[in-house]
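Chemist: Structure for the following, please:
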Amino acid sequence: MKNKFDIFNDIKIDTDEYDEIKFDNNDEFKNKMRNKIRENKLSSNKKKMAVASIGVLVGSMIIVSEPSLAYIRNIGKQIEYFFNREENTFNGYKVGLNQVVEDKGIEIELKEIMLGDGELLLSLKVDDSKLDKVYLGIDNSEDAWPHLYQPKVQIGDLVFTNTGGAMSGEANDDNSKNMLLTCKLDNLDKNNYGETDIENFDLISNLDINKNYDIKINIDKIEYALNKDAKLENIPEYVEKSNVHGGGVNTDTGEYFETKNINIIGNWSFETTINTKKLVDDIEIYNVNKKLKIKDRYTDIDVFIEEVRVSPTKIKIKHSFKVNKNINKDGGHDPKFLEFIVKGENGENIEIKSCVDLNSNRESIYAEGELSSNIKDIKIIPVIEDWGKKFNHTKKFNDQSISIKHKN
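Modeler: Numbering: from 1, shown residues only. Take a look at the predicted model:
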């Protein structure tokens, strides 16, 4: 399976709001998490970068993809590139903009946007060559990437907050960055106070397919990691110290490191219009409502699969679970995660990620995975990833699988 901890991409955490949770074997768990990051191999001319918020692995991770040569000419120009799909696959869903805004020495070109199931995809290019990184003490290595902090998104009268999602990208020869930024659109700011009023908002169910919507996208903060010896003295007024602690694993040495971060405050705003008819028409929603029994020697949970949604880019499984037993062989509580594998009719294996530890019961949540092709008939297999095991961390429960036939 892929790196479990990619799921923490772009998470921002206020440590004052949370109590510390300690596992029985915390040091070993940290080492395993660090090893998981190191398992991601780098190409000779491209690097991956991780920025952590707290703990062992938290925060923003930029995933640098390895495209086929056929896509090189479209890098950063089409959203399809980041999903390894054919050119123009998403025509009718996406809108081309090619709008350029520069502020504080940072130029952002928004090339395309595409509305998805509960998210907005932004294909953009960032050129910060005019930013005085030496003066500000910003890490200017090829591993260092800017982090576009939670864009503000408004669709018609709907305002969304806490939009942080995954970010993937590729560096150009001139050190500019092509990125695909995912903005989550499930936290609605109904009163426009900058805070979430409605969680788990279902955007698709609240859009009129016969209407064109004005859409506004505003980026007002870009985060950078600093050099370890940066002094942060006499910084300009548009620069603020970040409360987020950074860190990651050196891809060459495997050593863990920590960083400090700053935010560049500015205004990078974009506007266009979108129509949602094709997207809404093409999202398949399956009401499953089935209970699964996941049981082995040390684990006993009831899993409720409520709904499965298949859109052009994602498959999402709405589920909840109840933990009846969750221990290890010593009677302790090692981290365990519930995941799913979706098998398509052509043999595709799609990993459906979740970041929910079984140490706590959870009500309805969505786990999701990216689609690299269209799928119809699918088979869902529940998986438990157990970090208390030294080997063979994952176990599939094939006897509890669910098959879903395409509606058409």
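
Chemist: Which stretches in the stretch 151-300 of the chain count as helices?
Modeler: Residue ranges of the helices in the stretch 151-300 of the chain, as given by DSSP state H, counting those that start in this stretch, are 277-282.

Chemist: Now do the one residue sitting closest to the centre of the chain, the pLDDT please.
Modeler: Central residue of the chain (Cα atoms, centre = their mean): residue 166, 2.6 Å from the mean position. Per-residue pLDDT puts residue 166 at 85.

Chemist: for residue 68, same thing?
Modeler: For residue 68, pLDDT reads 43.

Chemist: What of residue 93?
Modeler: Looking at residue 93, its pLDDT reads 93.

Chemist: Run through the residues that contact it.
Modeler: 114-115, 278-279, 282, 312 (Cβ atoms under 8 Å, 6 or more residues apart in numbering). Where C-beta positions appear, they are placed from N, C-alpha and C, glycine not excepted.

Chemist: Could you identify the most distant pair in these?
Modeler: Spatially, the most separated pair among the contacts of residue 93 is 114 and 282, at 12.4 Å (Cβ to Cβ).

Chemist: which SS class is residue 134?
Modeler: helix (DSSP: H, G, I helix; E, B strand; the rest coil).

Chemist: Look up the closest residue to it, ignoring the ones flanking it.
Modeler: Closest residue to residue 134 apart from its sequence neighbours, by Cβ to Cβ, 6 or more residues apart in numbering: residue 140 at 7.4 Å.

Chemist: Likewise for residue 285?
Modeler: residue 309 (5.3 Å).

Chemist: Tell me, how many residues neighbour the residue nearest to residue 134?
Modeler: Residues near residue 140, counting by other Cβ atoms under 10 Å, number 14.

Chemist: what helix or strand does it sit in?
Modeler: Under the criterion DSSP states H and E, no helix or strand holds residue 140.

Chemist: I'd guessed it sits against residue 131; true?
Modeler: No: Residue 140 is beyond contact range of residue 131, at 9.6 Å (criterion: Cβ atoms under 8 Å).

Chemist: where in the stretch 151-300 of the chain is pLDDT low?
Modeler: Counting by pLDDT under 70, the stretch 151-300 of the chain has low-confidence residues at 245-248, 251.

Chemist: And the strands in it?
Modeler: For the stretch 151-300 of the chain, the strands defined by DSSP state E, counting those that start in this stretch occupy 152-155, 158-160, 167-171, 177-184, 212-225, 239-241, 246-249, 256-259, 261-275, 284-295, 299-310.

Chemist: Show me the one of the ones you listed that comes nearest residue 78.
Modeler: strand 177-184 (10.0 Å).

Chemist: Tell me which strands that closest one pairs with, and in which orientation.
Modeler: Paired neighbours of strand 177-184 in the sheet (DSSP bridges): strand 119-127 (antiparallel), strand 167-171 (antiparallel).

Chemist: Among those, which comes closest to residue 189?
Modeler: Comparing the strands paired with strand 177-184 by Cβ to Cβ, strand 119-127 comes nearest, at 14.8 Å.

Chemist: between residue 114 and residue 282, who's got more neighbours?
Modeler: Using other Cβ under 10 Å as the criterion, residue 114 and residue 282 rank with residue 114 on top: 22 against 14.

Chemist: so the more buried one touches residue 120, yeah?
Modeler: Yes: at 7.4 Å, residue 114 counts as touching residue 120 under the criterion of Cβ under 8 Å.

Chemist: Residue 271 against residue 218, yeah?
Modeler: No: contact between residue 271 and residue 218 fails when scored by Cβ under 8 Å: they sit 9.4 Å apart.

Chemist: Please tabulate the strands paired with strand 177-184 in JSON lines, including the columns distance to residue 400 and mean neighbour count.
Modeler: As requested, those are arranged in JSON lines below (distance: least, Cβ to Cβ, whole Å; neighbours: other Cβ atoms under 10 Å):
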{"stretch": "strand 119-127", "distance to residue 400": "29", "mean neighbour count": "22"}
{"stretch": "strand 167-171", "distance to residue 400": "32", "mean neighbour count": "21"}
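
Chemist: Turn these into CSV, columns for distance to residue 108.
Modeler: Shown next, in CSV, are these (distance: least, Cβ to Cβ, whole Å):
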stretch, distance to residue 108
strand 119-127, 6
strand 167-171, 13
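
Chemist: Tell me which of the ones you listed lies nearest to residue 183.
Modeler: So among the strands paired with strand 177-184, strand 119-127 is nearest, using Cβ to Cβ, at 4.3 Å.

Chemist: quick one: average confidence on the closest one?
Modeler: Strand 119-127 shows a mean pLDDT of 95.

Chemist: and the direction of it versus that of strand 261-275, what angle?
Modeler: With axes from the mean of the first three to the mean of the last three Cα atoms, to 10 degrees defining the directions, strand 119-127 sits at 120 degrees from strand 261-275.

Chemist: what separates strand 119-127 from the chain centre, distance-wise?
Modeler: 13 Å (Cα atoms, centre = their mean, to the nearest Å).

Chemist: what do you get for stretch 401-408?
Modeler: For stretch 401-408, the distance to the chain centre is 27 Å (Cα atoms, centre = their mean).
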